[in-house]
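Chemist: Task: produce atomic coordinates for the following.
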Amino acid sequence: MGWVTIVLLALAIGAGLWPFVRRDRGALQFLAAALLLALAGYSWQGRPDQPGSPKTAQARQALPDDDFTILHPELLGRFDRAYAWMVRADADRREGNLLGSAQTLEGAVRNHPRNYALWTAYAYALVAANENLMSPASQLAFERAYRLAPNHPAPVFVYGLALARGGNWDQAEQVWRELLQGLGPNYPLYRAAIEERLAAIREARQTGTPVRPATPPQPAPGQGAPPGAPPAGGEQAAPVILGNSSN
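Modeler: Numbering: from 1, shown residues only. The predicted model follows:
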């Protein structure tokens, strides 16, 4: 069927140009050569037996849930405005669209500039989208989250997750150990998550295997996920990170 189409097309082109070239022998020879060259090219490169389909963008590779996706529902809370944004970003991340995940959370912090949880998630997403490297933008986002909630362990803990994502396990371990020392009794889920991550690092060193993924901490009976806003009081988490920014 493909050859029939291409021959008919060549005949139609020749018929359309015939009135203009029939009295010019040179033009007639040129037209014939051009049509023959087109047919030769089609016979060489054409694949008429293959079904046609529109060219689509290269499919992204689906990704398993990372530590932040696993942990944030328990540590940052569910069923609030920030969680809804994070679920959208999680979907992009699972599809391999790390830049789209960061862009989703960029829109979130623009709409809710004083939400420490969204700034924390955005900072982590920037690291993921930057080939797991801490950039000035992600550093500033972590700092913004910390300034909005200096008494909450989330920005510091997730900073450690971002370091670990880039393979900086020694630095992540230092961050989490210092955070654990300053962590008050109001954050049992964070304590459990930190201890689990530190245990995973110790296990990896002893066995020579990769550090296993995080597992969600289990709330005690009657204990739910933390509220969306940081508490006004309570013991301040140790400010162990976020560089030496003067901001």
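Chemist: in this protein, what spans have low per-residue confidence?
Modeler: 1-60, 220-247 (pLDDT under 70).
Chemist: at 90 instead, please
Modeler: For the chain, the stretches flagged by pLDDT under 90 are 1-63, 78-80, 184-186, 216-247.
Chemist: Kindly report the domain assignment for it.
Modeler: Segmentation of the chain into domains, based on automatic domain parsing, reads 2-44, 67-207.
Chemist: P216 is nearest to which of those domains?
Modeler: P216 lies closest to domain 67-207 among the domains of the chain, at 4.9 Å (Cβ to Cβ). Heads up, the C-betas are built off the backbone N, CA and C, glycines and all.
Chemist: Make JSON lines out of the domains of the chain and add distance to Q218 and mean neighbour count.
Modeler: Output for the domains of the chain, formatted as JSON lines (distance: least, Cβ to Cβ, whole Å; neighbours: other Cβ atoms under 10 Å):
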{"stretch": "domain 2-44", "distance to Q218": "62", "mean neighbour count": "12"}
{"stretch": "domain 67-207", "distance to Q218": "8", "mean neighbour count": "20"}
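Chemist: of all those, which lies closest to Q61?
Modeler: Nearest of those (Cβ to Cβ): domain 67-207, 4.8 Å.
Chemist: Of all the domains of the chain, which one is nearest P217?
Modeler: That would be domain 67-207 among these, by Cβ to Cβ, at 3.8 Å.
Chemist: so which strand or helix has the nearest residue to N130 once chain neighbours are set aside?
Modeler: With sequence-adjacent residues excluded and distances taken as Cβ to Cβ, 6 or more residues apart in numbering, N130 is closest to S138, at 6.8 Å. For S138, the host element (DSSP states H and E) is helix 136-148.
Chemist: following that helix, which helix or strand shows up next?
Modeler: Later in the chain than helix 136-148, the nearest helix or strand by DSSP H and E is helix 154-165.
Chemist: quick one: that following helix to helix 136-148, angle?
Modeler: 150 degrees (axes from the mean of the first three to the mean of the last three Cα atoms, to 10 degrees).
Chemist: just checking, what packs against helix 154-165?
Modeler: When contacts are defined as 3 or more Cβ pairs under 8 Å, 6 or more residues apart in numbering; DSSP states H and E, helix 154-165 sits against helix 67-75, helix 116-129, helix 136-148, helix 169-181, helix 188-207.
Chemist: Next, count neighbours for A62.
Modeler: Residues near A62, counting by other Cβ atoms under 10 Å, number 8.
Chemist: how about it, secondary structure?
Modeler: coil (DSSP: H, G, I helix; E, B strand; the rest coil).
Chemist: Go ahead and confirm it touches R93.
Modeler: No: when contacts are counted by Cβ atoms under 8 Å, A62 is not listed as touching R93 (10.0 Å).
Chemist: For D65, give me its contacts.
Modeler: Shown in contact with D65 (Cβ atoms under 8 Å, 6 or more residues apart in numbering): 90, 94, 213.
Chemist: Quick check: the gap between it and G184.
Modeler: According to Cβ to Cβ, to the nearest Å, D65 stands 29 Å off from G184.
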